[in-house]
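Undergrad: coordinates only, no sequence provided:
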């Protein structure tokens, strides 16, 4: 990483001679700094120095001042030099709109009183992630002051934080809050990019998510409101993770697309191109960032350092992270210098790094391949959980038997050791059932197919591989049998998420049965369709209470959250000793794992204490729409079973002694603590 380390102090820094702006470009022949020094703009030429870093010092670069860059250079594939074009400083901490609708860099006042509040630094095994959209979470929240709804301040409102704490959330993971803009295609259609995966600046917070007062006060006030949100969440013990999009920028498409910053400074080096100079697209956006170049890698690292240090962010979720690990040959390398630097940089010590471990390029699916120190979205957990509780049950209704056995489901329940290397442990996987991208939890159990016509793409967008089950009718239903079956399936999916080894992630609103009416790609809808619905029908409240009970159950039972994989014949601290029993209470026979007729398993996990008291839990899983009698296992040392939770809303099954029979109506999850 020596080349990356040589590019230091880019952006605006303050020294004894005044504020200095430093910009990297190897291809430019001239770069000018233009300062808004009313009544006239003032032009200050930048001087090229070592490592192709251009710099200029100007005392007018004070908080509140607007500025921009102009660059000239030779024509060539990937570059868009135009000395008349206004370009953003890639390191600008704030942005402001012009009357023409364009953007300019803004100098911000970065001072902030953190009041001695420190990062929570929650251990990974205790993390419960809540993926949320800043606007969508509180836009309809009646308990948030109206003027703050849908803003950073609304997310940090006392009532919002109390709700998150009551739910058992330890971290909020925010969809992109870097300043972003709408794609040109969406603007032409009169719609917008609600999710925000079209980044304009990697250092400036999105202005539209600030309260109106902060927006009117300017970039410094927007940053101050964001920091205030982080401080209040930290005071409550809640970490803040950012969904970051370092794989492409808002300079979408190939050459000829928008030019706002990198493309106008040195697009041939910041973006991926082949030997002939043609763009190499591994993101589907036409302008994949080339992290094999020192300047692009430095940009990513500096952005992470800024947010982790100056803004006190606790973790990052990297969109299409496989792109960051592609070398100059555009092939993914798990030992890519940037992937290693992100998790070994002393300035980022203790920060959670979460990869979406794929992109759309050749060899793009890399779940399990990231180096130690990374956490990865476990799509295999998502897929098998959905299959077991939904498509397997649907197939059994239609054909009498499901298509697959218990084996792969059990491996996900116990931490996905077949995916993540032993030295990384189960906390290398972030487990999820749903995310912003795809069906909501309620829609997952209510629709067999996507319904995306409102997106304006003829229902062609969004995945067709949903692994969902509508339980008998597509969409909303007043049939009580269907409603009960759907709600039980949601409880089973949620239970699987919270009793499985790994780091659980819940999508905002799923705990309340939020629906998008079958839209599984609602990226372009900023309305009641995508905002969290805070109405309190009895079943909404009951589902929320189930989630709170499950997060509490997880927190109180270390057997459910090991940080290491066990080794046969050895005692591994903070791992689990596991035993698997059939419905009859005897140990599972090897042939039963792949027998599609076997749909019941009892999973006994015992912690190997390192920091907490010894603990054992029995998870009974019955994955069929039948009622069975199961016998609780009788291993040595087990005196009895304390019933903790059941997805059967008729109450917990009777039985508390080894060898007792319990009646389980399915599909169902039952959790016991060993006493």
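TA: Arrived safely, thanks for sending. These numbers were taken from a predicted model, which means no experiment stands behind them.

Undergrad: what's the local residue count around residue 465?
TA: Each residue near residue 465 was counted by other C-beta atoms under 10 Å, and the total is 8. The C-beta positions use only the backbone N, C-alpha and C, and glycine is treated the same way.

Undergrad: SS state for it?
TA: Recorded secondary structure, residue 465: coil (DSSP: H, G, I helix; E, B strand; the rest coil).

Undergrad: got any ranges where the stretch 151-300 of the chain has weak pLDDT?
TA: For the stretch 151-300 of the chain, the stretches with pLDDT under 70 are 255.

Undergrad: for it, just list every one of the strands.
TA: 171-174, 239-244 (DSSP state E, counting those that start in this stretch).

Undergrad: save these as a markdown table, and put in mean neighbour count and distance to residue 98 too.
TA: Shown next, in a markdown table, are those (neighbours: other C-beta atoms under 10 Å; distance: least, C-beta to C-beta, whole Å):
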| stretch | mean neighbour count | distance to residue 98 |
| --- | --- | --- |
| strand 171-174 | 25 | 27 |
| strand 239-244 | 24 | 26 |
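
Undergrad: make JSON lines out of those and add distance to residue 424.
TA: Output for the strands of the stretch 151-300 of the chain, formatted as JSON lines (distance: least, C-beta to C-beta, whole Å):
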{"stretch": "strand 171-174", "distance to residue 424": "20"}
{"stretch": "strand 239-244", "distance to residue 424": "19"}
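
Undergrad: nearest to residue 360, of the ones you listed?
TA: Of all those, the one in closest proximity to residue 360, counting by C-beta to C-beta, is strand 239-244 (17.7 Å).

Undergrad: name every strand pairing with that closest one and say which way it goes.
TA: strand 171-174 (parallel), strand 315-318 (parallel) (DSSP bridges).

Undergrad: out of those strands, nearest to residue 362?
TA: strand 315-318 (19.4 Å).

Undergrad: quick one: mean pLDDT for the closest one?
TA: Taken as a whole, strand 315-318 has an average pLDDT of 98.

Undergrad: following that strand, which helix or strand comes up?
TA: helix 337-344 (DSSP states H and E).

Undergrad: pull the contacting residues for residue 406.
TA: The neighbourhood of residue 406, defined by C-beta atoms under 8 Å, 6 or more residues apart in numbering, consists of 592-593, 598-599, 601, 623.

Undergrad: likewise residue 310?
TA: Applying C-beta under 8 Å, 6+ apart, the residues contacting residue 310 are residue 110.

Undergrad: and it, backbone torsions?
TA: phi -70, psi -30 (degrees, to the nearest 10).

Undergrad: okay, the residue nearest to residue 468 when sequence neighbours are not counted and residue 502: tell me how far apart.
TA: Excluding its sequence neighbours, the residue lying closest to residue 468 (C-beta to C-beta, 6 or more residues apart in numbering) is residue 444, at 4.8 Å. To residue 502, residue 444 is 19 Å away according to C-beta to C-beta, to the nearest Å.

Undergrad: follow-up on the earlier one: what's the neighbour count on the residue nearest to residue 468?
TA: 25.

Undergrad: ok, now residue 47?
TA: 11.

Undergrad: that one contacts residue 55, doesn't it?
TA: Yes: when contacts are counted by C-beta atoms under 8 Å, residue 47 is listed as touching residue 55 (6.1 Å).

Undergrad: where's the residue lying closest to residue 388 once chain neighbours are set aside, which helix or strand?
TA: Distances taken as C-beta to C-beta, 6+ apart put residue 409 closest to residue 388, at 4.6 Å, once the chain neighbours are dropped. Element membership for residue 409, per DSSP H and E: helix 407-413.

Undergrad: quick one: low-confidence parts of this protein?
TA: Using pLDDT under 70, the chain drops low at 1-6, 255.

Undergrad: what is the neighbour count of residue 274?
TA: 11.

Undergrad: for the spatially closest residue to it that is not a sequence neighbour, grab phi and psi.
TA: Distances taken as C-beta to C-beta, 6+ apart place residue 280 nearest to residue 274, at 5.4 Å, with adjacent residues excluded. Main-chain dihedrals, residue 280, degrees, to the nearest 10: phi -110, psi 110.

Undergrad: wait, residue 280 sits on residue 289?
TA: No: assessed by C-beta under 8 Å, residue 280 is found out of contact with residue 289, at 10.9 Å.

Undergrad: more neighbours, the two?
TA: Using other C-beta under 10 Å, the more surrounded residue of residue 280 and residue 289 is residue 289, with 26 against 17.

Undergrad: ok, now how distant is the residue lying closest to the more buried one once chain neighbours are set aside from residue 222?
TA: Using C-beta to C-beta, 6+ apart and skipping the chain neighbours, the partner closest in space to residue 289 is residue 296 (5.4 Å). Taking C-beta to C-beta as the measure, residue 296 falls 26 Å from residue 222.

Undergrad: show me which of those two is the more surrounded one.
TA: Neighbour count, other C-beta under 10 Å: between residue 296 and residue 222, residue 222 has more, with 28 against 24.

Undergrad: separation between the residue nearest to that one when sequence neighbours are not counted and residue 67?
TA: Of all residues not flanking residue 222 in the chain, residue 210 sits nearest, at 4.3 Å (C-beta to C-beta, 6+ apart). Separation of residue 210 from residue 67 (C-beta to C-beta) stands at 21 Å.

Undergrad: can you check residue 144 too?
TA: 36 Å.

Undergrad: ok, now residue 595?
TA: From residue 595 over to residue 67 (counting by C-beta to C-beta), the distance is 69 Å.

Undergrad: which one of the two has more residues nearby?
TA: In this view residue 595 and residue 67 are compared by other C-beta under 10 Å, and residue 67 has more residues nearby, 26 against 13.

Undergrad: next, the buried residues of the helix or strand where that one lies.
TA: Using DSSP H and E, residue 67 sits within strand 66-72. Neighbour-count burial for strand 66-72 flags 66-71 (criterion: 16 or more other C-beta atoms under 10 Å).

Undergrad: stretch 564-577 too?
TA: 564-566, 572, 574-576.

Undergrad: picking that back up, quick check: next helix or strand after the helix holding residue 409?
TA: Counting by DSSP H and E, what follows helix 407-413 is strand 429-432.

Undergrad: joint contacts of residue 280 and residue 289?
TA: residue 272.

Undergrad: isn't there a helix covering residue 579?
TA: No: counting by three-state DSSP, residue 579 is not found in a helix; it is strand.

Undergrad: contacting residues around it?
TA: Contacts of residue 579 (C-beta under 8 Å, 6+ apart): 587, 604, 633, 635.

Undergrad: so of these, which ones are in strands?
TA: residue 604 (DSSP state E).

Undergrad: make a ChimeraX selection of the buried ones in the contacts of residue 579.
TA: Command for ChimeraX that selects the buried part of these, burial taken from 16+ other C-beta under 10 Å:
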select :604,633
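
Undergrad: of all the buried residues of strand 66-72, which comes closest to residue 182?
TA: Using C-beta to C-beta, the buried residues of strand 66-72 come closest to residue 182 at residue 68, 20.9 Å.

Undergrad: can you pull out the strands in the stretch 351-500 of the chain?
TA: So, for the stretch 351-500 of the chain - with DSSP E, counting those that start in this stretch - the strands run 352-355, 375-377, 429-432.

Undergrad: export these as JSON lines, with columns for mean neighbour count and distance to residue 264.
TA: As requested, the strands of the stretch 351-500 of the chain are exported to JSON lines (neighbours: other C-beta under 10 Å; distance: least, C-beta to C-beta, whole Å):
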{"stretch": "strand 352-355", "mean neighbour count": "24", "distance to residue 264": "30"}
{"stretch": "strand 375-377", "mean neighbour count": "25", "distance to residue 264": "34"}
{"stretch": "strand 429-432", "mean neighbour count": "26", "distance to residue 264": "37"}
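
Undergrad: next, format the ones you listed as JSON lines and append distance to residue 508.
TA: Output for the strands of the stretch 351-500 of the chain, formatted as JSON lines (distance: least, C-beta to C-beta, whole Å):
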{"stretch": "strand 352-355", "distance to residue 508": "17"}
{"stretch": "strand 375-377", "distance to residue 508": "16"}
{"stretch": "strand 429-432", "distance to residue 508": "12"}
